[in-house]
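Colleague: give the three-dimensional model of this entry:
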Amino acid sequence: MQSTLKLNGFNYTTIKTRGAQINVASAGKGAPLLLLHGYPQTHLMWHKVAPALSKKFHVICPDLRGYGDSSKPSTDSNHLPYSKREMAKDMIDVMHQMGYDSFNVAGHDRGARVTHRMALDYPEKIIKAAVLDIVPTYEMFQQINQVVATGYYHWFFLIQDNGVPEHLIGADPGFYLKDKLQRWSTYPENFDPEIVNDYLRCFRNPATIHASCEDYRAAASIDLEHDKDDFNTKVQCPLLVLWGEHGMMGKHFNMLDVWKTKGEKVCGKSLNSGHFLAEEASEETLQNLEMFFSN
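Modeller: From the prediction side, this is the model:
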C-alpha cells in the first residue's frame, strides 16, 4: 500500500525503466536537479530541502529500486540487479523520460554511491554532482578499522548469505530502523515523526529488507569490481562533498583529500550534523546545495 504522505507541492508518477518501476516525485521549474536518498530511507528524507530547492530548480526525487514505493526486482547470484551501475541506469532512464539528457544530481548515503557511479558511467550527462556523507565504496573497504567497523557494522552484517540479516531484521524491523536513525544521528530530535513512520511502513515490507541487503551485497562484490575497473578514472564534472562533522565519515576520513583523488574539481565542507544532513542540518544543507548548483 502506497503512502498518502507526499513531499509538499510535488507531483507523483511511476516511471518504468529498463529494470524497475520507479516512484518519482517532482516539482518546480528551472535546471533539472535529481535528489537521491540513502539507507534505510526513501525520497521523503529530502522533505525539508526539496520544496525550497523547487523554487529555483526542477527537482526530481525518486525512490531507488528496492526502496520506498519503487519495485524490488529479482536478484541473481552476482547481485548485479542491485549494483550501483544498474541503479544508475534507472536514474538515467528516469531523467530521460522526464525530458533531460543532462542534469545535476545530489545523493546521500546509498544515493551518493549511485551518484558517483553515474558520474563515472555517464560523464556527458552529469552537469554537477554532490555526494553527502560518504567516502567511495572501494576506499571504505580498503581503509576500514575497528572503530569504523563497529560504527558501520551493518556493512558486514547485511552482506551475510542464507537470509540471515533478512530473518533477524524481519523479527523487529521497527527496532532496527529506529536504531539506525538514532545511532548515526547527532540530533535525532530533528527527525519528523510522520516521516519516520513512513520509513517504517516501507521497511516493514520483507521485500524491502531483502532488496536493501542485496544493495549491500552488491557493494561488497560486483560494485567493487566496477570500482577497480575505474580506479584511475576521475569524476569530470564539478563535485561538491558535504559531510557531518560529528559523524563517522568526518571523524575518521580526510574527506576532501579522499575525494580529490576521485574528482577533477572538488570542493566541500563539514556541516553541524551527524550522518543525516538533510534532516539534521536542513538549512545548512539547503544553502550549500543551492549555492553549488546555482553557480
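Colleague: now the strands for the protein?
Modeller: 11-16, 21-27, 31-36, 57-62, 103-108, 126-132, 235-244, 263-271 (DSSP state E).
Colleague: need these in JSON lines with mean pLDDT and distance to Cys202, can you?
Modeller: Placement of C-beta: from N, CA and C, glycine included. Formatted as JSON lines, those follow (pLDDT from 0 to 100; distance: least, CB to CB, whole Å):
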{"stretch": "strand 11-16", "mean pLDDT": "98", "distance to Cys202": "15"}
{"stretch": "strand 21-27", "mean pLDDT": "98", "distance to Cys202": "10"}
{"stretch": "strand 31-36", "mean pLDDT": "98", "distance to Cys202": "16"}
{"stretch": "strand 57-62", "mean pLDDT": "98", "distance to Cys202": "14"}
{"stretch": "strand 103-108", "mean pLDDT": "98", "distance to Cys202": "16"}
{"stretch": "strand 126-132", "mean pLDDT": "98", "distance to Cys202": "20"}
{"stretch": "strand 235-244", "mean pLDDT": "98", "distance to Cys202": "23"}
{"stretch": "strand 263-271", "mean pLDDT": "98", "distance to Cys202": "26"}
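Colleague: ok, which of the ones you listed comes nearest Asn162?
Modeller: strand 21-27 (28.5 Å; CB to CB).
Colleague: parallel or antiparallel, list what pairs with that closest one.
Modeller: strand 11-16 (antiparallel), strand 57-62 (antiparallel) (DSSP bridges).
Colleague: tell me where the stretch 51-200 of the chain has helices.
Modeller: Using DSSP state H, counting those that start in this stretch, the helices found in the stretch 51-200 of the chain span residues 84-97, 110-121, 137-142, 146-151, 154-157, 164-170, 173-184, 193-203.
Colleague: so for stretch 77-97, what gets flagged as buried?
Modeller: 79-95 (16 or more other CB atoms under 10 Å).
Colleague: how about Lys269: which residues does it bridge to?
Modeller: Leu242.
Colleague: so what's the residue count around it?
Modeller: 13 (other CB atoms under 10 Å).
Colleague: and the gap between it and Trp243?
Modeller: Lys269 sits 8 Å away from Trp243, going by CB to CB, to the nearest Å.
Colleague: what of Ser26?
Modeller: 27 Å.
Colleague: show me which of the two is the more surrounded one.
Modeller: For Ser26 and Trp243, the more surrounded residue by other CB under 10 Å is Trp243, and the numbers stand at 26 against 20.
Colleague: okay if I get the strands paired with strand 21-27 as TSV plus mean neighbour count?
Modeller: Shown next, in TSV, are the strands paired with strand 21-27 (neighbours: other CB atoms under 10 Å):
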stretch	mean neighbour count
strand 11-16	14
strand 57-62	26
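Colleague: perfect, that will be all.
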